[in-house]
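**Student:** Build me a model from this:
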Amino acid sequence: MNALIAALLVSVSAGKDNQLRLYDFNPTNGALIERAKIDLTGAPGAQCLSPDGNRLYVAVRNKNSVAAFRINHAKKTLDLLGLTDIGANAAYVSTDRTGRTLLWASYSGGEVGTHSIAQNGAVEKTALSRIKTERCAHAILTGPANRYAYVPHTGPNAVYQFTFDAATGKLAPHPQPKVHPAAGLEPRHLAFHPTLPVIYFDDEKGDSVSTYQRSPKTGKLVPIHTASTLPAGFDGAKNTCADIEITADGKFVYASNRGHNSIAAFAVDPKTGRLKSIGQFPTGEVPRSFNLAPGNRWLIAAGQRSHDLHIYRRNPLNGKLIPSGKLPTGQGPGWVQFIPVHKEKK
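**Tutor:** Numbering: from 1, shown residues only. Presented below is the predicted three-dimensional model:
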């Protein structure tokens with residue numbers, strides 16, 4: 001059976017309310033309608049979907065836990081499978097490409113870890129691996145072949161590299177344990193190009209996005225290009241970058257500016273992967289998180305300090321964002337996640 005997208009939900013981590021806000025999203029006009037407020041035992045942060053689209057994982061940061069939800073496609077609800085104490089305040093959670101392992105990075109703890117995901121989708125408590133790095137570990141993702149994992153660190157200005165064994169779910173230090181970007185950049189989040197051997201990191205203190213070549217064979221990274229997220233004349237001391245995403249076709253990259261309060265957009269050179277700015281698009285105050293909808297026609301950004309959601313229609317030809325509306329949301333929204341609702345077609 002092939003799963004078709006029948007509807008779209010949007011889940012927002014309202015950290016100061018200890019809630020997830022769940023919305024129906026209308027892909028025709030971009031309207032959001034609140035569907036539910038889901039109370040948690042602590043402050044929700046990063047979210048991720050399982051590769052099959054049937055599970056949602058949410059870091060509950062001040063409880064050192066991860067909540068697992070089953071996505072009920074028939075009812076368009078999130079059903080809690082369990083809350084697992086992982087013993088770490090996870091700034092970022094992701095699954096490997098098979099969906100059998102949860103990976104996390106702890107900013108305050110300066111460490112990374114992995115946990116097995118049970119058959120029902122819940123996160124197992126016992127860690128498969130747990131490795132100390134340095135403070136300010138901000139994100140963790142495995143590459144397209146699921147053989148290497150990358151962890152950008154802001155404070156020490158480094159990208160830690162690991163080998164990943166999908167069979168065991170374990171991380172191990174890479175032969176080249178870390179890469180140091182140019183001074184002052186401080187990589188925060190990352191996105192893989194869908195076809196080129198390239199990774200993009202948004203640089204928190206560098207107000208930029210850096211392009212790295214990635215060896216498919218060894219996983220080794222080499223920086224090749226850095227492009228500013230800010231317009232000429234804006235004081236970079238008043239800005240930090242937060243989130244980054246790339247379109248499914250690999251033609252455009254977006255990164256958020258906290259201070260300039262905008263989404264920076266870039267066109268991707270189809271041969272080299274280098275970036276060219278196509279402008280900045282105003283958004284809410286302190287846009288910590290944003291997300292592209294499936295199909296990439298829409299983008300939603302959360303103003304963490306303005307406590308609102310900003311909706312944009314995206315021009316697929318030139319990559320520019322067209323404001324479509326905004327909506328108040330919960331207090332301190334720190335993550336936005338589109339959730340496709342599937343309709344099974346036999």
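
**Student:** Could you report the neighbour count for residue 246?
**Tutor:** Applying other Cβ atoms under 10 Å, we find 23 residues neighbouring residue 246. Just so you know, the C-beta spots here come from the backbone N, C-alpha and C atoms, and that holds for glycine as well.

**Student:** Surely it and residue 253 touch.
**Tutor:** Yes. Using Cβ atoms under 8 Å, residue 246 makes contact with residue 253 at a distance of 5.0 Å.

**Student:** Spit out the residues that contact these two alike.
**Tutor:** Here residue 246 and residue 253 have 191, 200, 268 as joint contacts, going by Cβ atoms under 8 Å, 6 or more residues apart in numbering.

**Student:** From those residues, pick the one nearest residue 307.
**Tutor:** Residue 307 has its nearest neighbour among the shared contacts of residue 246 and residue 253 in residue 191, at 26.2 Å by Cβ to Cβ.

**Student:** what are the phi and psi angles of that closest one?
**Tutor:** Dihedral angles of residue 191 (phi, psi; degrees, to the nearest 10) stand at phi -150, psi 140.

**Student:** What's opposite it in the beta bridge?
**Tutor:** residue 200 (DSSP bridges).

**Student:** Run through the residues that contact it.
**Tutor:** Counting by Cβ under 8 Å, 6+ apart, the residues that residue 191 touches are 199, 200, 244, 245, 246, 253.

**Student:** in terms of contact, does the last one touch residue 263 like I think?
**Tutor:** No. Checked against Cβ under 8 Å, the pair residue 253 and residue 263 is beyond contact range at 10.6 Å.

**Student:** Just the pLDDT for residue 241.
**Tutor:** pLDDT, residue 241: 98.

**Student:** burial measure for it, as a count.
**Tutor:** 30.

**Student:** mind listing what it touches?
**Tutor:** Taking Cβ under 8 Å, 6+ apart, one finds 188, 202-204, 206-209, 229, 255-258 in contact with residue 241.

**Student:** excluding its backbone neighbours, what's nearest it?
**Tutor:** residue 202 (4.4 Å; Cβ to Cβ, 6 or more residues apart in numbering).

**Student:** my read: the one you found touches residue 228, true?
**Tutor:** No. The criterion here is Cβ under 8 Å, and residue 202 misses it with residue 228 at 11.3 Å.

**Student:** give the contact list for residue 203.
**Tutor:** 181, 185, 186, 187, 188, 209, 210, 226, 241.
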